[in-house]
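Enquirer: Need the 3D shape of this:
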Amino acid sequence: MSYTITKSSPVLVPPSAATPSGALPLSSIDKTAAVRVSVDFISVFSAGEQPAARIRDAFARALVDYYPVAGRIAEPVFGQPVVECTGEGIWFVEATANCSLEDVNYLERPLMIPKEEMLPRPPAGVKLEDQILMAQVTEFTCGGFAVGICFSHLVFDGQGAAQFLKAVGEAARDLSEPTIKPVWSRDSIPDPPKVPFSGPPPSFTAFDFVTQVVEISPESINSAKEKFKADTGKICSTFDVITGLIFKARAKAIRLEPSSEVRLGFAASTRHLLKDVLPDVEGYYGNCVYPVGITKSSKEINDASLVEVISLIKDAKEALTKKFVDWMNGGSDTHYNVPLDYGTVTVSDWSRVGFNEVDYGFGEPKYVFTLNDDVNIVGSVIYLKPPAPKQGIRLMLRCAEQEHADEFSEELKKF
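Expert: A predicted model of the protein is given here:
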């Protein structure tokens, strides 16, 4: 049987009450090249009665407090994007599938419905890059539904987008106002002078990465934490364990020359470093991330124990404070520049940002996932919560070419 989705034409959902107009600045962190992208993800819910209508109305209510999200990204001065508070609203799509969630394996990989069918896009002629957030609700014959979201990383980081969607969920559950009051205050973050970039421009190579999914059990994670504590007397996090495992397993699998560099990159939260800068860190929904990188030789990582690699990651995170404060004070901004070659892998932890806690009145989602199938410039790993009731961490891997992919996944499964 052919499974199809029928979409309505996108419609604008404006705020349900009058909102302020005018231009709002973005922060210096928002405007870094590293975040000028759109992010797609899909949340799967087991059941819900008329979810599209309920969620559409909830967006309208939430956009009153989060009125900048109803605006558009503009760039009146080149290189200085702003948010124009136009009150236009978000593009919203209603869709129906001719199948149940069970028919399509609850949208597990490999997807039996193209992802494009479950994600919102604006009408023809409307620029995607000007949109701040869009939503699509796809209803299945079983009563379950999926919510596809596309948001601008220029305006939100993951935690900020989750904060907004939780407010939508609260509106859907008839709360009169959001539990967390939104804070814009982008101009509170310092805008240090840019250090001129020196050196040759970056080169880009398109790699033929293979998409893989591997799950790490909570028992394995806890065992590694206990081993780390026994050897060092210190505590490490789930992120430290998983990231150390990926860095070590990939270095072994891709078999670079012993002296070749292998690199790990990830975005670390800086919210705790902005408490004295922002009027209210809890309500701030802009970007609060800063890139962290580790560079070692292939031999160094291959020879190191997992405990030693985890220690490298903890040390890099602890060094973040000095680097971030240095950057805010006008120091070097070359922390953002990572060579994009086969030796580099980037990791992104989606398991704790809050998307799994969004409740539109029908309970929390069974599964939340993003897709990195289009990534081919740099190796990418995304950490997800596996579908309920499973525990542990699901890894969406796209960082090894075919000749190395099997060995990489086998190294991870040994853990």
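
Enquirer: Please make it C-alpha for all contacts and neighbour counts, starting now.
Expert: Fine.

Enquirer: residues of the lowest-mean-pLDDT helix or strand in the chain that come out buried?
Expert: Every helix and strand of the chain was ranked by mean pLDDT, DSSP states H and E. The lowest is helix 320-328, at a mean of 86. Across helix 320-328, burial judged by 16 or more other C-alpha atoms under 10 Å covers Leu320, Lys323, Phe324, Trp327, Met328.

Enquirer: could those residues be laid out in JSON lines, adding distance to Pro14?
Expert: Listed next are the buried residues of helix 320-328 as JSON lines, based on distance: C-alpha to C-alpha, whole Å:
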{"residue": "Leu320", "distance to Pro14": "40"}
{"residue": "Lys323", "distance to Pro14": "41"}
{"residue": "Phe324", "distance to Pro14": "37"}
{"residue": "Trp327", "distance to Pro14": "38"}
{"residue": "Met328", "distance to Pro14": "36"}
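
Enquirer: from these, which is closest to Asp103?
Expert: Leu320 (46.2 Å; C-alpha to C-alpha).

Enquirer: Just grab the bridge partners of the closest residue to that closest one other than its chain neighbours for me.
Expert: Excluding its sequence neighbours, the residue lying closest to Leu320 (C-alpha to C-alpha, 6 or more residues apart in numbering) is Val292, at 7.0 Å. Counting by DSSP bridges, Val292 is bridged to Phe266.

Enquirer: Please name the residues that touch Val292.
Expert: Gly265, Phe266, Ala267, Ala268, Ala316, Lys317, Leu320, His335 (C-alpha atoms under 8 Å, 6 or more residues apart in numbering).

Enquirer: Next: Trp350.
Expert: Gly158, Ile382, Tyr383, Leu384, Lys385.

Enquirer: which one of these is nearest Ile254?
Expert: Ile382 (18.7 Å).

Enquirer: any idea which element the closest one lies in?
Expert: Assigned by DSSP states H and E, Ile382 belongs to strand 379-384.

Enquirer: quick one: strands adjacent to the next helix-or-strand element following that strand?
Expert: Beyond strand 379-384 in the direction of the C-terminus, DSSP H and E gives the next helix or strand as strand 393-401. Under the criterion DSSP bridges, strand 393-401 sits next to strand 209-216 (antiparallel), strand 379-384 (antiparallel) in its sheet.

Enquirer: Give me the angle between the helix or strand following strand 393-401 and strand 209-216.
Expert: Using DSSP H and E, the helix or strand that follows strand 393-401 in sequence is helix 402-413. When axes from the mean of the first three to the mean of the last three C-alpha atoms, to 10 degrees is applied, the directions of helix 402-413 and strand 209-216 differ by 10 degrees.

Enquirer: Report the rounded mean pLDDT for helix 402-413.
Expert: Helix 402-413 carries an average pLDDT of 95.

Enquirer: Any idea how far it is from the middle of the chain?
Expert: In terms of C-alpha atoms, centre = their mean, to the nearest Å, the centre of helix 402-413 is found 24 Å from the chain centre.

Enquirer: Helices along the stretch 51-200 of the chain, start to end?
Expert: Here the stretch 51-200 of the chain has its helices, by DSSP state H, counting those that start in this stretch, at 51-65, 158-172.

Enquirer: Report the rounded mean pLDDT for the last one.
Expert: Pointing back at helix 158-172 there. pLDDT averaged over helix 158-172 gives 98.

Enquirer: got the CA coordinates for it in PDB?
Expert: C-alpha atoms of helix 158-172 as PDB (Å, rounded to 0.1, in the frame of the first residue of the first chain):
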ATOM      1  CA  GLY A 158      17.200  24.500  21.100                       C
ATOM      2  CA  GLN A 159      16.300  25.400  24.700                       C
ATOM      3  CA  GLY A 160      14.700  28.700  23.700                       C
ATOM      4  CA  ALA A 161      12.600  27.000  21.000                       C
ATOM      5  CA  ALA A 162      11.500  24.400  23.500                       C
ATOM      6  CA  GLN A 163      10.600  27.200  26.000                       C
ATOM      7  CA  PHE A 164       8.300  28.700  23.400                       C
ATOM      8  CA  LEU A 165       6.700  25.400  22.400                       C
ATOM      9  CA  LYS A 166       6.100  24.600  26.100                       C
ATOM     10  CA  ALA A 167       4.200  27.900  26.300                       C
ATOM     11  CA  VAL A 168       2.100  26.800  23.300                       C
ATOM     12  CA  GLY A 169       1.400  23.600  25.200                       C
ATOM     13  CA  GLU A 170       0.400  25.500  28.200                       C
ATOM     14  CA  ALA A 171      -2.000  27.600  26.100                       C
ATOM     15  CA  ALA A 172      -3.400  24.400  24.600                       C
END
